[in-house]
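1. Build me a model:
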Amino acid sequence: MGLKRRTKVSEAFSMASMTDVIFLLLIFFMVTSTVVIPNAIKVTLPQAQKQTAAKPLTRVTIDASLNYYVAFGKQKEVQVSFQEITPFLQDCYAKEPEMYVALYADETVPYKEIVKILNIANENKFKMVLATRPQK
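-> Presented below is the predicted three-dimensional model:
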């Protein structure tokens, strides 16, 4: 007894669903790549030959206009006065005693301002890391 199929299987491959998947992946990567912004404050870091990797949990940023910003962990930077930096760092140290303090200073910032932050860290026995950018 010969049974026949009523519908024929098409041997042609349709790329329509494949292009939909590719466009969805493209949109996903475009959206997630714009979210990853490590430092939103415009700071031109000085160059250094050797880079070291440390996990700074606390960030202190000084921009070209000598504005101070602080952040703990993955928080967004908040503008503070110079007098507010020490209490902020002490609070962060109370939360995480093994923290590193990363100093992001624009290359035009006077050395005197950087030394002020280093003195705060030295007085409180904080571990400091100076952020730089790699040489070209």
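2. Now the element after the helix or strand containing residue 86, going C-ward?
-> Mapping residue 86 onto the secondary structure by DSSP states H and E places it in helix 85-95. Using DSSP H and E, the helix or strand that follows helix 85-95 towards the C-terminus is strand 100-105.
3. can you give me the mean pLDDT across that following strand?
-> What strand 100-105 shows for mean pLDDT is 87.
4. Would you tell me what the next helix or strand after the lowest-mean-pLDDT helix or strand in the chain is?
-> Ranked by mean pLDDT, DSSP states H and E, the helix or strand of the chain with the weakest confidence is strand 47-48, at a mean of 63. Following strand 47-48 in sequence order, the next helix or strand is strand 58-62 (DSSP H and E).
5. which residues sit against that next one?
-> The contact list for strand 58-62 (Cβ atoms under 8 Å, 6 or more residues apart in numbering) reads 39, 41, 43, 68-73, 77, 85, 89, 92, 99-106, 109, 113-114, 117. For every residue, glycine as well, the C-beta is placed using N, CA and C.
6. Repeat the analysis, applying 6 Å as the threshold.
-> In this structure, residues lying in contact with strand 58-62 by Cβ atoms under 6 Å, 6 or more residues apart in numbering are 41, 68-72, 77, 92, 99, 101-105, 109, 113, 117.
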